[in-house]
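Trainee: can you look at this prediction? I've put the sequence above it.
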Amino acid sequence: MENNQKALLIGLTVFIFGFLVIGNTVQLPYSAQVTKMVREPYEDKECKQVPYQVTDEVALTYKVLDHGQTGGMSGFLNYVTNGWVQIENTDDKSGTFKVSCKFQTLDGTFSDSDSVFINPGQSGTANCQADTSLGQDSKFSYTITPGTKTVIKTEYREECEWVTKYHDVEREVTETRYHTVFQSWFGD
């Protein structure tokens, strides 16, 4: 019987050792709910200011230095009223300045015009005249129409596009995990 006890003892030892090895090494899957940070995409509108060129016609800048009127005889029994306007071109471009003159008298309104080409930083005088009656007072007035120049300006417009961006959010997810046979029987 001693041999039987030894065989039983050896068999039991092999069984227990095998059971311990298998119980600690075989992994069994299980599902677990866990909270994780998940990277999620979202659409966002991104806008930026985009420059573009615009051509524009703008009036030349100027200032009136002086103006006035005089009168005098022109030929036999003709009386002429002269008006003048002295203009300085304060712009950086040359141009023509048109001066439209009016002489208001008791007999009515008389009109004339003159144009003068003026370089930058220079001045010029436009002269107008009207045949008026001798001895009548006249009121002199004028308007100036400056030349124009082409300027290129940079303007901006907003352009937008939809882009995909990402942010991290917490989510409950089901995850497959593994534990040993012993852990499934006796707990973690």
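Mentor: Arrived safely, thanks for sending. Numbers count the residues shown, from 1 in each chain.
Trainee: does residue 4 count as helix, strand or coil?
Mentor: Three-state assignment for residue 4 (DSSP: H, G, I helix; E, B strand; the rest coil): helix.
Trainee: for the one 3 residues further on, same thing?
Mentor: At residue 7 the chain is in helix, as set by three-state DSSP.
Trainee: go through the helix or strand harbouring residue 117 and flag the buried ones.
Mentor: According to DSSP states H and E, residue 117 maps onto strand 108-118. Judged by neighbour count (16 or more other Cβ atoms under 10 Å), strand 108-118 contains these buried residues: 110, 112, 114, 116, 118. For the C-beta atoms, the positions are set from N, CA and C on the backbone; glycine is no exception.
Trainee: would you agree the first one is in contact with residue 132?
Mentor: Yes - proximity of residue 110 to residue 132 meets the contact threshold set by Cβ atoms under 8 Å, at 6.5 Å.
Trainee: find the residues that touch each one of the two.
Mentor: By Cβ atoms under 8 Å, 6 or more residues apart in numbering, residue 110 and residue 132 have these common neighbours: 81, 103, 138.
Trainee: kindly reformat these as CSV containing secondary structure, distance to residue 30 and pLDDT.
Mentor: Listed next are these as CSV, based on DSSP: H, G, I helix; E, B strand; the rest coil; distance: Cβ to Cβ, whole Å; pLDDT from 0 to 100:
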residue, secondary structure, distance to residue 30, pLDDT
81, strand, 112, 87
103, strand, 108, 91
138, coil, 111, 83
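Trainee: taking those residues, please make a PyMOL selection of just the buried ones.
Mentor: Remark: buried members of the shared contacts of residue 110 and residue 132, expressed as a PyMOL selection using 16+ other Cβ under 10 Å:
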select buried, resi 81+103+138
